[in-house]
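Novice: The following comprises the amino acid sequence and a computationally predicted model.
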Amino acid sequence: MYRKTYALINCNTLAKNIQNIKENYPYKYYIGVVKANAYGHGDYIVNSLIAGGVNYLAASSLEECLSIRKRNENISILCLEPIDHEYLNICERENITITIPDYEYFKKLDLNLNLKIHLKIDSGMNRLGFKDKNEVKEVYDTLLNHPNIKLEGIYTHLGTSGMWDNHYDHDLKKFEEITSLIDLKNIPIVHISRSLILVTHPMPTYVTGIRLGIIMYGFPQKINKPSGLRLIKRNMYLKKHHISDITYENNLNLNTAFSLHTTVMTIKSVKKGEYVGYGAKYIAEEDMKIAIIPIGFADGLIKQYENQTVKINNKKYKLIGEVGMDMTAVKIDDSVKLKDHVIIFDDAKNKSKELGISAYQLFTSITTRVPRVYDENGKLTEIKY
């Protein structure tokens with residue numbers, strides 16, 4: 001790289017996360033969700049996830065699936081969004097598993113293609129999926145022993161974790177109702193849950209797979225259990241609204257693998273009364289020194305980073321002024337030197353809390369302008385997406 005701004009991803013940490021999840025939650029299929037360029041980590045990581053124990057992958061679009069296929073020739077990849085029928089020959093060639101989102105899509109399906117499919121059930125979110133159990137039965141009967149099309153999976157996406165509402169219970173019952181005319185035991189992969197639901201609810205016996213999202217990337221989804229009066233009120237609420245209880249604690253020991261780095265590009269002296277940055281919003285209250293670092297909102301430093309701190313030589317320094325498109329100012333002292341290493345964040349859990357955003361936003365806001373550097377047992381590989 002020419003500009004020393006990069007994201008560092010520890011591949012061994014990701015593999016260990018998967019291993020720890022498998023030790024605590026036994027399933028037959030662990031579906032690693034690597035949409036949005038693997039939650040910003042970059043799809044280079046897929047082989048580390050597989051080494052850790054993921055045995056299926058899922059992405060959002062055909063473009064994403066094909067990019068992942070370049071990283072691994074053999075792993076099964078599920079496309080979570082429906083793919084236009086005109087491109088299904090590509091799915092056949094590249095071994096991309098397709099989602100059947102509704103009856104109309106199924107009726108237009110070319111049954112001469114050799115494809116693996118997963119049926120999507122709409123259990124309440126009203127995005128994709130079958131709502132009519134008779135339509136599901138017709139598709140099931142047509143494809144169960146079909147010579148070309150393999151009915152490999154069936155799934156839904158539950159909209160809430162059911163911590164404060166009865167939607168989880170309602171949606172689970174709806175899934176069971178919509179699939180009541182078929183035998184789920186004849187479908188190898190039944191997956192209904194995501195990361196948070198994995199750790200908060202026991203899975204029904206018919207479930208064989210789990211979709212692992214943010215949990216793979218180091219977020220164990222632990223919830224603080226209420227106590228005292230709050231616990232009493234919560235139990236009364238659950239009873240009143242017929243909501244099943246959840247599990248708060250779990251034994252997962254997960255770590256984030258993603259950190260963001262840059263360097264001191266230049267150092268300037270600023271006199272009292274002078275301003276720093278766009279809009280002249282920061283006025284120096286004293287003579288001071290600032291470092292300009294080559295990273296800005298075009299790299300993913302969204303507005304919430306303003307007035308946050310970075311680390312230089314293990315010491316915290318405050319960002320000042322507006323974050324620019326390419327450059328940002330840091331108030332420093334005399335110990336900071338030109339080309340010193342700057343850590344924007346090395347603890348994604350704390351940084352997302354400090355910024356008041358979700359981990360999803362933190363990771364995916366880091367743009368592809370920022371190279372990803374992968375650490376595999378000390379061997380560094382730089383990828384520019």
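Specialist: Now that the structure is in, tell me what you want to look at.

Novice: the bottom helix or strand of the chain by mean pLDDT?
Specialist: For the chain, the helix or strand with the lowest mean confidence is helix 228-240, at a mean of 78 (criterion: mean pLDDT, DSSP states H and E).

Novice: Give me the contact list for that one.
Specialist: Applying C-beta atoms under 8 Å, 6 or more residues apart in numbering, the contact partners of helix 228-240 are 164, 225, 226, 243, 244, 245. Yep, even glycine has a C-beta here, placed from its N, CA and C like the rest.

Novice: Please spell out the ChimeraX selection for the buried subset of those.
Specialist: If you want just the buried ones from those in ChimeraX, going by 16 or more other C-beta atoms under 10 Å, the selection is:
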select :243
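
Novice: pLDDT wise, what is residue 203 at?
Specialist: We have a pLDDT of 89 for residue 203.

Novice: quick check: domain ranges of the protein?
Specialist: Per automatic domain parsing, the domain ranges recorded for the chain read 12-240, 258-383.

Novice: What are the buried residues along the least confident helix or strand of the chain?
Specialist: Within helix 228-240, the residues scored as buried using 16+ other C-beta under 10 Å are 234, 238.

Novice: Just after that helix, pick out the following helix or strand.
Specialist: Going down the chain from helix 228-240, the next helix or strand is strand 258-263, by DSSP states H and E.

Novice: in that next one, what's buried?
Specialist: 258, 259, 260, 261, 262, 263.

Novice: how about the helices in the stretch 101-250 of the chain?
Specialist: Secondary structure of the stretch 101-250 of the chain (DSSP state H, counting those that start in this stretch): helices at 103-107, 133-143, 167-178, 195-200, 228-240.

Novice: would you turn the ones you listed into TSV with distance to residue 16?
Specialist: Output for the helices of the stretch 101-250 of the chain, formatted as TSV (distance: least, C-beta to C-beta, whole Å):
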stretch	distance to residue 16
helix 103-107	39
helix 133-143	38
helix 167-178	30
helix 195-200	17
helix 228-240	34
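
Novice: Please identify the deepest-packed of those.
Specialist: Most buried of the helices of the stretch 101-250 of the chain, by mean neighbour count (mean count of other C-beta atoms under 10 Å): helix 195-200, with a mean of 21.

Novice: What helices and strands are in contact with it?
Specialist: The contact analysis (3 or more C-beta pairs under 8 Å, 6 or more residues apart in numbering; DSSP states H and E) places helix 195-200 against strand 209-212.

Novice: Please list the residues outside the strand it packs on that contact it.
Specialist: With C-beta under 8 Å, 6+ apart, strand 209-212 has contacts from 18, 21, 25, 27-33, 54, 56, 58, 153, 155, 189-191, 193-195, 198, 203.

Novice: Type out the ChimeraX command that picks the buried ones from those residues.
Specialist: Buried residues within the contacts of strand 209-212, by 16+ other C-beta under 10 Å, are selected in ChimeraX with:
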select :18,21,25,27,29,30,31,32,33,54,56,58,153,155,189,190,191,193,194,195,198,203
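
Novice: returning to that earlier point: send over the least confident helix or strand of the chain as PDB, restricted to the C-alpha atoms.
Specialist: Included here for helix 228-240 are C-alpha records, laid out as PDB according to Å, rounded to 0.1, in the frame of the first residue of the first chain:
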ATOM      1  CA  GLY A 228     -34.600  -6.800  41.600                       C
ATOM      2  CA  LEU A 229     -37.700  -4.900  40.700                       C
ATOM      3  CA  ARG A 230     -36.800  -4.900  37.000                       C
ATOM      4  CA  LEU A 231     -36.700  -8.700  37.000                       C
ATOM      5  CA  ILE A 232     -40.000  -8.900  38.800                       C
ATOM      6  CA  LYS A 233     -41.600  -6.600  36.200                       C
ATOM      7  CA  ARG A 234     -40.100  -8.500  33.400                       C
ATOM      8  CA  ASN A 235     -41.400 -11.900  34.600                       C
ATOM      9  CA  MET A 236     -44.800 -10.300  35.100                       C
ATOM     10  CA  TYR A 237     -44.700  -9.000  31.500                       C
ATOM     11  CA  LEU A 238     -43.600 -12.300  30.100                       C
ATOM     12  CA  LYS A 239     -46.500 -14.100  31.900                       C
ATOM     13  CA  LYS A 240     -49.100 -11.500  30.900                       C
END
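
Novice: which one of the domains of the chain lies closest to residue 251?
Specialist: domain 12-240 (5.5 Å; C-beta to C-beta).

Novice: Centre of the chain to that closest one, how far?
Specialist: 13 Å (C-alpha atoms, centre = their mean, to the nearest Å).

Novice: Of the helices of the stretch 101-250 of the chain, which is nearest residue 356?
Specialist: Using C-beta to C-beta, the helices of the stretch 101-250 of the chain put helix 195-200 closest to residue 356, at 19.1 Å.

Novice: pLDDT of that closest one, averaged?
Specialist: The average pLDDT for helix 195-200 rounds to 88.

Novice: tell me the contacts of residue 19?
Specialist: By C-beta under 8 Å, 6+ apart, residue 19 lies in contact with 52, 53.

Novice: hang on, it in a helix?
Specialist: Yes. Assigned with DSSP: H, G, I helix; E, B strand; the rest coil, residue 19 falls within a helix.

Novice: What's the local residue count around residue 356?
Specialist: 8 (other C-beta atoms under 10 Å).
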